[in-house]
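# Attaching a predicted model along with its sequence, questions to come.
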Amino acid sequence: QVQLAEAGGGLVQAGDSLRLSCATSGDTSGLKTLGWFRQAPGGEREFVARIHWNGRDALTTTSLRGRFTIDRDNARNTATLLINSLNPEDTAVYYCAASVIPWAVTRNDYTYWGQGTQVTVSS
């Protein structure tokens, strides 16, 4: 089994930056991709970014590119999501996910999910 635990969410002001982290534990030997998704109130869970387990081949969805950056600390078995210039439309629950599929980008490709961390941006 794989466990994922997000941290770093909270209430921030528009224009602020935030760094979310995802700690992985358990049997991670088969994992190929770590990803971040978000779900706004009343909305669908949408893909944000993903990175290969080895820390390479990072990809951010086009609409968020430039403000959202995914990274990986192999030594600490964590993935991070740096968000700059936050705006109220970024308000959502942010989920970390892990996949056995290389370069996974769709929700159905991910098997393991964290509980999510709430990010609320005030204007």
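Structure's in. What do you need?
# Which parts of this protein are strands?
Ranges of strands in the chain, per DSSP state E, are 2-7, 10-13, 18-26, 33-39, 45-52, 59-60, 68-73, 78-83, 92-99, 112-113, 117-122.
# Beta-bridge partners for the nearest residue in space to Gly116 that is not next to it in sequence, please?
Nearest non-adjacent residue to Gly116, counting by C-beta to C-beta, 6 or more residues apart in numbering: Val93, 4.2 Å away. No exception for glycine: its C-beta is placed from N, CA and C like everyone else's. Beta-bridge pairing of Val93 under DSSP bridges involves Gln39, Gln118.
# I'd like to know how many residues surround Val93.
18 (other C-beta atoms under 10 Å).
# wait, it sits on Trp36?
No - the pair Val93 and Trp36 does not pass the contact test of C-beta atoms under 8 Å, sitting 11.2 Å apart.
# Any idea which residue is closest to the centre of this protein?
With distances taken as C-alpha atoms, centre = their mean, the residue of the chain nearest its centroid is Trp36 (2.3 Å).
# can you tell me which residues contact the closest residue to that one other than its chain neighbours?
Using C-beta to C-beta, 6+ apart and skipping the chain neighbours, the partner closest in space to Trp36 is Val48 (4.3 Å). Counting by C-beta atoms under 8 Å, 6 or more residues apart in numbering, Val48 touches 35-38, 60-61, 64, 68, 70, 81, 94.
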